[in-house]
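Peer 1: Here you go, sequence then predicted model.
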Amino acid sequence: MSINNSPNVFLDTNANRFQVNIINESRDNNEASQEDVGSDPPHYEETSFTDEAHNKLRISYRPGKRELYDNFLQRGEKTEASLHPYDTHNKMYYLQTFGHNTMDPVPKIDYYRNTGSVSGNKLNRPSLLEIHEQLAKNIAVSTSSVERVANGESTAGDETTASKEEENKTGLVKFGWVKGVLVRCMLNIWGVMLFIRLSWIVGQAGIGLGVIIILLATMVTSITGLSTSAIATNGFVRGGGAYYLISRSLGPEFGGSIGLIFAFANAVAVAMYVVGFAETVVELLKESDTIMVDESNDIRIIGTITVVCLLGISVAGMEWEAKAQVILLVVLLIAIANFFIGTVIPTNNEKKARGFFNYQASIFAENFGPDFRDGEGFFSVFAIFFPAATGILAGANISGDLKDPQGAIPKGTMLAILITTVAYIGVAICAASCVVRDATGNINDTVVSGMSCNGSSACNLGYDFSRCRNQPCDYGLMNNFQVMSMVSGFGPLITAGIFSATLSSALASLVSAPKVFQALCKDNVYKGLHFFAKGYGKNNEPIRGYVLTFVIAMAFILIAELNTIAPIISNFFLASYALINFSCFHASYAKSPGWRPAFRYYNMWVSLFGALLCCGVMFVINWWAALITYAIELFLYIYVTYKKPEVNWGSSTQALYYINALDSALALTAVEDHVKNFRPQCIVLTGAPMIRPALLDITHTFTKNNGLCICCEVYTGSRKLCVKEMNSGMAKKQAWLTKNKRKAFYAAVAADSFRDGVKSLLQASGLGRMKPNTLVIGFKKDWRNAAASQVENYVGVIHDAFDFELGMIIVRISQGFDITQVLQVQEELEKLEQERLALEATIKENDFEEEKSGICGFFGKARKLSISKHETKKESTINTIQSMHMGEFNQKLLEASTQFKKKQGKGTIDIWWLFDDGGLTILIPYILTIRKKWKNCKLRIFTGGKANRIEEEKLVMASLLSKFRIKFADINIICDINMKPNKESWKFFEEMIEPYRLHESCKDITTAEKLKQETPWKITDAELEAFKEKSYRQVRLNELLQEHSRAANLIVLSLPVARKGVVSDYLYMAWLEILSKNLPPTLMVRGNHKNVLTFYS
């Protein structure tokens, strides 16, 4: 295979950077390399990649290239159908784009898919590292690299083919927007209310208020529909309907709570609709006097048979269910058309006696105004009608079974709302224009001559229904629920319409409940319900969910008392509507860049209004049911929040956390610093947090809920390896902090040296006012055995902290902080334990197989014996390794690593406040004492003073601490700090620094100068003499600390400062070593000499 790697091509400065050179596998490399790469000025030509007239690829050329390209096309080797100008993935051809061969892939949807996407396989584009490193090493792309891009993860054609083959293989059934959404929503919205309650509603409220009631309900559903459309078009929608939309927008807490009650509401709604169907059948049985047992039991019998039949249709598959829905819709439409036809068919005397007079202006005028009776009012009538408008989520609930949920849900839902609203308004107006409110049904109740009608439309039309004012009548809009049957052209069709409405709604709910429940269980929000996540068949049908829904529906059908539960069900639906509207508002308000819905006809404030409207309607329908709904939802929300499911859906709640944090951080920048608000904000050089837990624990003790804590790690070495290791471990280490309830951040840098990395952290860490002001490091216990460069870096970090005006805390414990060895041992033991468990599982499996196979019994025994021997050998190996590791295991180190997690007993924190550093030395231990773990420890203050003024010095210190409002148990004035240490202590110090001394005074000048140049880090005699007094003081202080504070729980000590460029690194380390040697846990503290305490209010 030949690829043009000619250097002239890449170095041609005059080449058009949009040139596309075609490199053909069949072309000879020499021919390719001989192409003219002259220095002609660039020639720009307008191009088109979709020129149908020429049906050829249009590319910009440099002069002299067109003929070569035309010859290429004429030879028929490539046409537009098989070569795209950006086709870098074809196995046979590669393009030289922007002047060079490139591994850069063109934009493609497969790179943006989620892992496990059902609509196509996720592809991985070449990493930035691969592209960057390749270009850095050599501009020309090697053949193997190009082949890897062409043949590997980026091959679009193969993936698409595989996806199609998989789809054909499984035979998935997907629905379009008509059958999948429009039909379902229309059937679910049109319920029995249309046929048996709408006439009563318009009779009570009148045409005017009746239309307002319908429009008000439609406003709620329309706003919800707009919000649903916006959310559904903001990315690929999987199965789960309302639950999926809410959970992916507001997170698992809201989604999990509403998902469960929404699925339950759909399950109980099955029972409601089936009972409505059964009641209609029982009424027909009563008319024909064919009751089986009694009314209640007949409802149970018919309901049970019906729900079993519906379950059979559902389990048979979505395709059968969809066919049944279409048939039911046809019946329903015929029934509605039958009503409208009946209104224009001339009436007869029997129907006139029942109040039906065809279209009459007088009846329209009489029925236009309200006539509320029996304690009914506008809101009570609205509450009765509103359930008739629900059902708009029927299509969204099967979102996983739609071909294009993003297009189908908005189109189908909004059109269904429009069609059903027009139908409701049309039926209401037509019924109220043809039928009077009250009628006796007696054809003899005609008007007597000379009778005054008093404006009654029925009287004007020849009938006297005046006795209905004094006694109840059975006919008319207000009294007869079968008005539509009476008006219609053929009454039994209305009964068929009632059957269709109830059965279609029941079927839709029976499908919706398991689908939503399955999606909820798949997400494992409620771990105990994961059993119901399993799907069966080509459409992943939730058979277990169907059975559960069937059981719930049967339970409520057998109760046959749904009047109490019905308002709660309506409120459950309304609660989900409210949260969908709030989800749309919340996502818009959070201003996340990921909120980009393709559906533009929504407004965040309208969605918020819709959410509030839904909440208001809940209380209008039934206030106690609304309270129960909120209580259940709150309980589930708290439960899910407490359990914290491990999911990350990029919800708007997460986006709002960021916005709030950003706004707070920006607001904080406008707040001036004040000493009263000072708090330690620490950078802790822990490395990986789990490596030095004790260092993190002690720092976390005085920063938790009080200040910033950043655990920092510096990677040194090869930049590429460091960055790779750093990026791969970032999330894991932050997760460790979260899991161990450490309120801290993790940060890491890659640098050439440890000191350079810390410099970067000291300068760049933090945000606005939340910037570190204190550096916390562990004492370098191995400084005497470490390389000189390591010691130089360590001391240099301390100098840098002071240069950047940060406080400094060096923590020392006797066992040291690094527990890498312990972690390695634990990791090995865990691996061995896993191997042992795997071996046991293998043996059990083999034993089971032996019991099943009798013929191979003899060989099975031999195999079992072999495995048993292997097990014995393995266990003995494990035991040997365990005992070996336990011998090496440093128990004291493990105990030391957890000492600051434990509650400290009664004791003292000894503060050796020798130098005034602004108050950090006293503030840190004070904060410790207000923590639960350290509250039993008292503060003892030690400071220097004169022997003849001990009492005065105590009073001065006590007065200062009382002004600072810091409680203390005792104050000790140390008068002999400046005395010489005893000979043994000084001798130990001299022996400690001996390996690092230059001893230039014992050598001639030339030799001494040469040694200084070769080992500049060594301690000179002049330096040791110049700082002899200071060295005496450190040794003496250790003696005093041993004398006074050996039994303290913690020592907080003023950190000595070494003058930069004057005190050598090893002398300074010797001071720190001797100062803190053989002591309880010690904090050597030095503030930045700016006040952190004040006694002013």
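Peer 2: That came through fine.
Peer 1: Compute the distance between Y1068 and V1062, please.
Peer 2: Distance of Y1068 to V1062, given as C-beta to C-beta, to the nearest Å: 10 Å. In this view, the C-beta of every residue, glycine as well, is placed from N, C-alpha and C.
Peer 1: More neighbours: which of the two?
Peer 2: Using other C-beta atoms under 10 Å, the more surrounded residue of Y1068 and V1062 is Y1068, with 23 against 10.
Peer 1: which residue sits closest to that one, ignoring its sequence neighbours?
Peer 2: The shortest distance from Y1068 to any non-neighbouring residue, by C-beta to C-beta, 6 or more residues apart in numbering, is to A1058 (4.1 Å).
Peer 1: which residues touch the one you found?
Peer 2: V795, I798, H799, L1067, Y1068, W1071 (C-beta atoms under 8 Å, 6 or more residues apart in numbering).
Peer 1: From those residues, pick the one nearest L415.
Peer 2: I798 (72.4 Å; C-beta to C-beta).
Peer 1: In this model A590 seems to touch L656, though I could be wrong.
Peer 2: Yes: here L656 reaches A590: they are 4.4 Å apart, a contact under C-beta atoms under 8 Å.
Peer 1: which of those two has more neighbours?
Peer 2: Using other C-beta under 10 Å, the more surrounded residue of L656 and A590 is A590, with 20 against 17.
Peer 1: distance of the more buried one from L832?
Peer 2: Plainly put, A590 is 48 Å away from L832 if you go by C-beta to C-beta.
Peer 1: S592 and A217: what is the separation?
Peer 2: In this structure, S592 and A217 are 32 Å apart, going by C-beta to C-beta.
Peer 1: now do I973
Peer 2: As judged by C-beta to C-beta, I973 and A217 stand 84 Å apart.
Peer 1: what does C430 give?
Peer 2: Noted for C430: a distance of 19 Å to A217, by C-beta to C-beta.
Peer 1: Next: F900.
Peer 2: From F900 to A217 the distance is 62 Å (C-beta to C-beta).
Peer 1: Settle it for me: which of the two has more neighbours?
Peer 2: Between F900 and A217, F900 has the larger neighbour count (other C-beta under 10 Å), namely 23 against 20.
Peer 1: could you list every residue that touches the more buried one?
Peer 2: Here F900 is in contact with A694, D697, I698, T701, K933, P1081 (C-beta under 8 Å, 6+ apart).
Peer 1: Can you point out the buried residues in stretch 833-848?
Peer 2: Neighbour counts using 16 or more other C-beta atoms under 10 Å place L839 of stretch 833-848 among the buried residues.
Peer 1: Take that stretch, keep the C-alpha atoms, and write them as CSV.
Peer 2: Extracted in CSV, the C-alpha atoms of stretch 833-848 (Å, rounded to 0.1, in the frame of the first residue of the first chain):
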residue,chain,number,x,y,z
GLU,A,833,-8.9,-14.3,49.1
GLN,A,834,-10.6,-13.8,45.7
GLU,A,835,-8.5,-16.7,44.3
ARG,A,836,-9.6,-18.9,47.2
LEU,A,837,-13.3,-18.1,46.7
ALA,A,838,-13.0,-18.7,43.0
LEU,A,839,-11.3,-22.1,43.7
GLU,A,840,-14.1,-23.1,46.1
ALA,A,841,-16.7,-22.1,43.5
THR,A,842,-14.9,-24.3,41.0
ILE,A,843,-14.8,-27.3,43.3
LYS,A,844,-18.5,-26.9,44.1
GLU,A,845,-19.3,-26.8,40.4
ASN,A,846,-17.3,-29.9,39.8
ASP,A,847,-19.0,-31.7,42.7
PHE,A,848,-22.4,-30.8,41.2
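Peer 1: circling back: got a markdown table for the contacts of F900, with distance to H1044 and pLDDT too?
Peer 2: Formatted as a markdown table, these follow (distance: C-beta to C-beta, whole Å; pLDDT from 0 to 100):
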| residue | distance to H1044 | pLDDT |
| --- | --- | --- |
| A694 | 24 | 92 |
| D697 | 26 | 93 |
| I698 | 22 | 93 |
| T701 | 24 | 92 |
| K933 | 24 | 91 |
| P1081 | 16 | 93 |
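Peer 1: Now list the buried members of the residues you listed.
Peer 2: Buried by 16+ other C-beta under 10 Å: A694, D697, I698, T701, P1081, out of those.
Peer 1: unless I'm mixing things up, the second one is touching K901, no?
Peer 2: Spelled out, it's D697. Yes: the criterion here is C-beta under 8 Å, and D697 meets it with K901 at 5.6 Å.
Peer 1: Next, count neighbours for N648.
Peer 2: 9.
Peer 1: Please apply the same query to R544.
Peer 2: Under the criterion other C-beta under 10 Å, the count of neighbours that R544 has is 18.
Peer 1: just G180 next, same as before
Peer 2: A count of nearby residues for G180, using other C-beta under 10 Å, gives 27.
Peer 1: what ranges do the helices span in the stretch 551-700 of the chain?
Peer 2: Assigned helices in the stretch 551-700 of the chain, in chain order: 565-590, 604-621, 623-643, 652-669, 693-703 (criterion: DSSP state H, counting those that start in this stretch).
Peer 1: Could you list every helix and strand in contact with the fourth one?
Peer 2: For helix 652-669, the contact count by 3 or more C-beta pairs under 8 Å, 6 or more residues apart in numbering; DSSP states H and E identifies helix 241-250, helix 565-590 as packing neighbours.
Peer 1: tell me the contacts of the closest residue to L608 other than its chain neighbours?
Peer 2: In space, and not counting its chain neighbours, L608 is closest to F585: 4.2 Å by C-beta to C-beta, 6+ apart. F585 sits next to S227, M604, W605, S607, L608, A611 when contact means C-beta under 8 Å, 6+ apart.
Peer 1: Between which two of those is the distance greatest?
Peer 2: Counting by C-beta to C-beta, the most remote pair of the contacts of F585 is S227 and W605, 11.8 Å apart.
Peer 1: between those two, who's got more neighbours?
Peer 2: Set side by side, S227 and W605 show more neighbours around S227, with 32 against 10, by other C-beta under 10 Å.
Peer 1: Quick check: buried residues in the particular helix or strand that has the more buried one in it?
Peer 2: Here S227, judged by DSSP states H and E, is contained in helix 198-232. Neighbour counts over helix 198-232 (16+ other C-beta under 10 Å) mark 198-207, 209-211, 213-214, 216-218, 220-232 as buried.
Peer 1: Quick check: mean pLDDT of it?
Peer 2: Averaging pLDDT along helix 198-232 yields 90.
Peer 1: just stretch 624-636 next, same as before
Peer 2: Stretch 624-636 shows a mean pLDDT of 87.
Peer 1: buried stuff in it?
Peer 2: Neighbour-count burial for stretch 624-636 flags A625, A626, T629, I632, E633, L636 (criterion: 16+ other C-beta under 10 Å).
Peer 1: What about the residue lying closest to the first one once chain neighbours are set aside, how many residues nearby?
Peer 2: Computed as C-beta to C-beta, 6+ apart, the closest residue to A625 that is not its neighbour in sequence is P567, at 4.0 Å. P567: 20 surrounding residues under other C-beta under 10 Å.
Peer 1: tell me the helices in the stretch 901-1050 of the chain, going along the chain?
Peer 2: 920-929, 950-963, 983-993, 1005-1014, 1021-1026, 1028-1044.
Peer 1: Enumerate every residue touching the spatially closest residue to A744 that is not a sequence neighbour.
Peer 2: The shortest distance from A744 to any non-neighbouring residue, by C-beta to C-beta, 6+ apart, is to C709 (4.0 Å). Contacts of C709 were listed using C-beta under 8 Å, 6+ apart, and they are Q681, C682, V684, L696, T699, H700, T703, R742, K743, A744, F745.
Peer 1: Just list the residues touching the residue nearest the centre of the chain, thanks.
Peer 2: Compute the mean C-alpha point of the chain, and by C-alpha atoms, centre = their mean the closest residue is N648, 2.8 Å away. Neighbouring residues of N648 by C-beta under 8 Å, 6+ apart: Q654.
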